[in-house]
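# based on what follows, work out the 3D shape:
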Amino acid sequence: MAGNRRVSVADGCGRSLAEVSRQRELLRIFGQTGARAGRKLFARGGAAEPARQLEAERTGHADEATLSVLEAERVDRQYLPAWTAANVFFRQSNDVQFWRAAARAAAMSYDDPAPLIDLADHREARALNALDQLGDTPRLERGYLHFLIRAGRWEEAQEIAARLTRRREAQDTELLMSFTDRLIAAGKTEAALAVWNDLERSRRVMGLTNGDFASQPSGHGFDWRVTAPPSGSARWEPARLRFWLTGSTPDACVLLGQWVPLAGGQYRLQFGYRTEGLAQETGLRWTLARETREEAASPVLARSPEPLSHGHKTEWNFKVVKAGLFRLQLVYVRVPGTTHTEGRAEFGSVGLERL
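All right, here's what the predicted structure looks like:
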């Protein structure tokens, strides 16, 4: 009868309640990484259960805990015993055994290395030194770069980024380009330039990165950022960038931008463009901004039906009073007294020179 139903010693999957309790304890202490490894261990019926070492530690039997984790590593040469040993030796401040166990765990883990990196960082605050101890691998370098970015430790992050860059692995390009974005946002212009230049993405044409639009703008670092106008579109093809504007285009929007480090002095921006269907006063113009302040703005571009192949260039001269990092932008701002007109603007190259 339901009222007299007895609770079985094992759950529906055949695991004892004690085993379920131990797995919950692992999850609480070691997180998801340890729990996943623990489930595999218990499924094999392994004897190297981390709960035993934890119990020895709780009851003040440090020597027993040490012997237990060492035996567990010997018997079961998987991730969880090594990870458990690293935690035990960390709490015992046993550096020699900690780094041995941590390096072994790092070599066997295919999950997120963040928990191990966080533990290592508490034992060795210098990221490069910790990497050398753990066994420097691309996976750990990527993990450390993410860790250091989150912590805002920019100088160390740059050192790790340099190691990744030297490896020349394609899968790291996006991470390193995103890192330059974070450095720029943090005001670390020189560091961002160093990482960007190491990536060999600093191909400057006429004073700007990718000034001839020969490669598709990446939207990262010091390359162009292309923004399609609302209700319109933007399209890149080699050596050409097109924007389509419609009757419902907002009164003001940014279409194109690039971070540009400039010294004080006079500059000239040269560009080739063509318009089709836009008003005589197109509403297009170039601006130069520093942080949130606009430092200079070009005259509004006039309608220009002449094909780009004719090679005609338009110039805009401006002055930079104080050196710094600037945002060069192509914007659309509706000219008062005009209405939005559907049409397109096409740019073939943009060059910047200091006079």
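# okay, how far is it across stretch 234-251, tip to tip?
Distance between the boundary residues of stretch 234-251 (CA to CA, to the nearest Å) amounts to 17 Å.
# my bad, stretch 123-143
Between the opening and closing residues of stretch 123-143 we find a distance of 17 Å, counting by CA to CA.
# buried ones in it, by neighbour count?
Buried positions in stretch 123-143, judged by neighbour count with 16 or more other CB atoms under 10 Å: 123-124, 127, 130-131, 133-134, 140-143. C-beta coordinates here come from the backbone N, C-alpha and C atoms, glycine included.
# inside strands: which ones of these?
Using DSSP state E, no member of the buried residues of stretch 123-143 falls within strands.
# among those, which pair sits farthest apart?
Pairwise distances across those (CB to CB) peak at 20.5 Å, for the pair 123 and 142.
# closest one to residue 152 out of the buried residues of stretch 123-143, please.
Closest approach between these and residue 152, by CB to CB: residue 127, at 13.0 Å.
# secondary structure element for the residue nearest to the closest one when sequence neighbours are not counted?
For residue 127, the nearest residue in space outside its immediate sequence neighbours is residue 156; the separation is 4.5 Å by CB to CB, 6 or more residues apart in numbering. In this assignment (DSSP states H and E), residue 156 forms part of helix 154-167.
# for the helix or strand just after that helix, packing partners?
Moving toward the C-terminus from helix 154-167, the next helix or strand (DSSP H and E) is helix 173-185. Here helix 173-185 touches helix 138-151, helix 154-167, helix 189-198, going by 3 or more CB pairs under 8 Å, 6 or more residues apart in numbering; DSSP states H and E.
# with distance to residue 246 added, can I get these in TSV?
Listed next are the helices and strands packed on helix 173-185 as TSV, based on distance: least, CB to CB, whole Å:
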stretch	distance to residue 246
helix 138-151	39
helix 154-167	41
helix 189-198	35
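# now those in CSV, please, with extra columns for mean pLDDT.
Output for the helices and strands packed on helix 173-185, formatted as CSV (pLDDT from 0 to 100):
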stretch, mean pLDDT
helix 138-151, 95
helix 154-167, 94
helix 189-198, 91
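# those helices: which one's closest to residue 319?
helix 189-198 (20.4 Å).
# re the thing from before, just the C-alphas of the helix holding residue 156, formatted as CSV.
Taking Å, rounded to 0.1, in the frame of the first residue of the first chain, the C-alpha atoms of helix 154-167 are listed here in CSV:
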residue,chain,number,x,y,z
TRP,A,154,45.8,44.3,-19.5
GLU,A,155,49.6,44.1,-19.4
GLU,A,156,49.6,40.4,-18.6
ALA,A,157,46.8,39.8,-21.1
GLN,A,158,49.0,41.4,-23.7
GLU,A,159,51.9,39.0,-22.9
ILE,A,160,49.6,36.0,-23.3
ALA,A,161,48.2,37.5,-26.5
ALA,A,162,51.8,37.7,-27.9
ARG,A,163,52.3,34.0,-27.3
LEU,A,164,49.1,33.2,-29.1
THR,A,165,50.0,35.4,-32.0
ARG,A,166,53.3,33.7,-32.4
ARG,A,167,51.6,30.4,-32.8
